[in-house]
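1. next come a sequence and a model predicted from it.
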Amino acid sequence: MIDSATIELLAARAHIADVVHRYAQIIRTGNIAECTTLFTPDATFEVREATPGDASSLRTRSKVSGHDAILEYVGKSAAAASVCPLIHNLLIDVNGSEATSSALMTAVMLNTGQTLLGEYHDTFRNAGGAWRFSARVYTIFRPRS
């Protein structure tokens, strides 16, 4: 028999997975205004780049905070690249009303055919029964030189 704590954990993980996948769908379909519904009002969104396995290569490209800044940044980025993001290997850890996840993302730039590979590290908060990103950190993988 499955207890209520297990059911709550599974439900939280399913809702968080939906948030991650909904964001990818919003980017792919260009419905950027909807992305703010997936973030807490004080959320941050950071983009980094690094060579996998080389911590000294980590560099921050940008970091924005709040709905308006996230909406503006995501809108400009998605429009410029015409991105089709594909999410892989989503792992979610839930701890009460907070959670973290990691996922690989392969992105195909539809206007150039270029492929980008990177990893998301996300933090979530549950407020009023809805899971939302409180922080997204996307690290673009650079090739080894």
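-> Structure's in. What do you need? Residues are numbered from 1 along each chain as shown.
2. quick one: the helices in this structure?
-> Remark: helices assigned in the chain by DSSP state H are 4-29, 67-81.
3. Thr36 is nearest to which of those?
-> For the helices of the chain, the distance to Thr36 is smallest for helix 67-81, at 4.4 Å, taking Cβ to Cβ. For glycine as for every other residue, the C-beta is placed from the backbone atoms N, C-alpha and C.
4. if we can go back for a sec, closest one to Asn95 among the helices of the chain?
-> Using Cβ to Cβ, the helices of the chain put helix 4-29 closest to Asn95, at 9.8 Å.
5. mind saving the C-alpha coords of the helix or strand of the chain with the lowest mean pLDDT as PDB?
-> Among the helices and strands of the chain, helix 67-81 carries the lowest confidence by mean pLDDT, DSSP states H and E, at a mean of 82. Coordinates of each C-alpha in helix 67-81 appear next as PDB, following Å, rounded to 0.1, in the frame of the first residue of the first chain:
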ATOM      1  CA  HIS A  67       9.300  38.500 -14.000                       C
ATOM      2  CA  ASP A  68       9.800  41.500 -16.200                       C
ATOM      3  CA  ALA A  69      13.600  41.000 -16.600                       C
ATOM      4  CA  ILE A  70      13.100  37.200 -17.200                       C
ATOM      5  CA  LEU A  71      10.400  37.900 -19.800                       C
ATOM      6  CA  GLU A  72      12.600  40.400 -21.600                       C
ATOM      7  CA  TYR A  73      15.700  38.200 -21.500                       C
ATOM      8  CA  VAL A  74      13.900  35.000 -22.600                       C
ATOM      9  CA  GLY A  75      11.900  36.800 -25.300                       C
ATOM     10  CA  LYS A  76      15.100  38.300 -26.900                       C
ATOM     11  CA  SER A  77      17.000  35.000 -26.600                       C
ATOM     12  CA  ALA A  78      14.300  32.800 -28.000                       C
ATOM     13  CA  ALA A  79      13.400  35.200 -30.900                       C
ATOM     14  CA  ALA A  80      17.000  35.500 -32.000                       C
ATOM     15  CA  ALA A  81      17.700  31.800 -32.100                       C
END
